[in-house]
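1. need coordinates for the following:
(one chain, ligands or ions: 1)
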Amino acid sequence: MNNPPKLFIPGPTEVTKDVLESFSTAQIGHRTPEFSELMKFIVNGVQKVLYTKNRIYLASNPATALWEMSLTNSVKKGVLHAVNGAFSNKWVSISNSLGLKNKKIDFEWGNGVDVNEVDKLLSTGNYDVFAMVHNETSTGTQSNLEEISNLLINKYPDIIWLVDAVSSMAGTKIEVDKLGIDYIFSSLQKAWGLPAGFSIFSVSDRFRKVSNSIERKGYYFDLNIYDKYYDKMQTPSTPSIAHMYGMKYILEQINLEGIGNRWLRHMKMAEFTRKWALDRGQTIFTQSGCESNTMTCICNDRNWDINKINEILLSKGYRMDRGYGKLRFKAFRIAHMGNVTYKMLKEYLDVFDKVLKGLNK
Ligand SMILES: Cc1ncc(COP(=O)(O)O)c(C=O)c1O
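-> This is a model prediction of the structure:
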């Protein structure tokens with residue numbers, strides 16, 4: 001494809017030319033001082049983005065692998081999953097495939113994780129791990145981490161807390177240490193704005209301790225193996241060094257923009273998109289108060305011909321989302337994260353408006 005469309009789907013997100021160019025650097029050996037220096041830069045940078053002193057590990061795999069790793073390294077008794085969309089549900093299927101004792105609390109798609117329901121189930125004492133998705137990508141729903149944090153810190157201090165932040169990390173403020181999150185992860189193709197295929201995760205010391213006490217975790221997903229290499233600022237196996245240079249570049253960009261400005265940019269783009277949708281007679285799919293900062297899920301109340309819009313937008317050089325799974329055509333999403341600026345978003349929505357006008361909508 002000579003001119004690939006600009007991406008306004010919720011991942012992979014648009015990777016701008018300068019970011020792509022940061023991948024074109026010479027390879028370096030992964031057991032060398034220059035590698036350790038590069039990794040140290042990334043670790044320090046991610047710690048700042050996540051407001052944490054926890055260890056930051058780098059993994060040359062998509063986040064799906066970290067769903068599995070987070071479970072194999074922590075669950076002894078059982079895991080309680082909060083499910084409010086397609087991705088949190090997939091995480092449960094991984095627990096099942098691992099044969100782990102688990103229970104899911106189902107919330108309506110579009111609703112945030114309800115702390116009272118979590119409390120009810122944790123009070124049974126049947127679980128030692130609680131897993132949730134911060135930003136359900138299928139519905140654009142951002143759950144309230146503060147509420148869950150208060151519950152866990154005050155009532156269940158021994159519970160290990162796993163958070164999938166795949167489509168929120170680097171696009172919304174998450175204060176990992178203050179919240180007390182034990183294991184939080186993201187792949188890079190969402191709000192980090194990098195090509196897919198690489199992930200990062202932050203792990204608390206108490207998670208590392210629990211992992212130490214678990215046997216038969218396999219090799220690739222054993223956190224102790226990661227730790228062995230972490231002490232040398234290395235990864236257990238040869239990683240995608242191109243991604244690491246990309247990560248270094250993005251962290252430099254975050255520094256230039258200013259971390260506070262980054263959070264503000266995402267919030268403003270989200271506000272702008274919600275207003276755009278409401279002004280056109282549509283409604284927001286997501287429960288009020290749980291709207292995502294990185295993407296907006298719009299209820300297609302006005303029955304726009306999503307396939308037709310998609311076709312025309314594509315011919316004009318834009319890739320739109322048509323809704324995830326059972327929501328296809330009923331609720332579609334607009335991503336505004338990572339490298340997307342207010343100007344790029346406005347340009348996209350202006351073109352979208354022209355398409356609507358052409359269809360007399
Ligand atoms: C919330 C969430 N979790 C996990 C994943 C899986 O990530 P990956 O495709 O990097 O394996 C996705 C992918 O879209 C996601 O949105």
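2. tell me how far the residue nearest to Q287 when sequence neighbours are not counted lies from the ligand.
-> Closest residue to Q287 apart from its sequence neighbours, by Cβ to Cβ, 6 or more residues apart in numbering: N111 at 4.7 Å. C-beta: built from backbone N, CA, C; applies to glycine. Separation of N111 from the ligand (Cβ to the nearest ligand atom, to the nearest Å): 16 Å.
3. over to K48?
-> From K48 across to the ligand, the span is 23 Å (Cβ to the nearest ligand atom).
4. secondary structure element for that residue?
-> Using DSSP states H and E, K48 maps to helix 33-50.
5. just how off-centre is that helix within its chain?
-> Chain-centre distance of helix 33-50: 20 Å, with Cα atoms, centre = their mean, to the nearest Å.
6. about what we covered before: quick one: residues contacting the residue nearest to Q287.
-> 84, 141, 287, 290 (Cβ atoms under 8 Å, 6 or more residues apart in numbering).
7. now the residue positioned nearest the centre of the chain, what's its secondary structure?
-> By Cα atoms, centre = their mean, the mean C-alpha position of the chain lies nearest to V166, the distance being 1.5 Å. Recorded secondary structure, V166: coil (DSSP: H, G, I helix; E, B strand; the rest coil).
8. strands of this structure, residue ranges please.
-> Shown for the chain, the strands assigned by DSSP state E span residues 6-7, 55-59, 79-83, 102-106, 129-133, 135-136, 141-142, 160-164, 183-187, 199-203, 283-284, 295-299, 318-319, 331-335.
9. ok, which of these comes nearest T235?
-> strand 55-59 (5.6 Å; Cβ to Cβ).
10. which elements pack onto the closest one?
-> Packing partners of strand 55-59 (3 or more Cβ pairs under 8 Å, 6 or more residues apart in numbering; DSSP states H and E): helix 33-50, helix 64-72, strand 199-203, helix 223-230.
11. tell me which residue of the stretch 251-361 of the chain lies closest to the ligand.
-> Proximity of the stretch 251-361 of the chain to the ligand (Cβ to the nearest ligand atom) peaks at Y324, 9.1 Å away.
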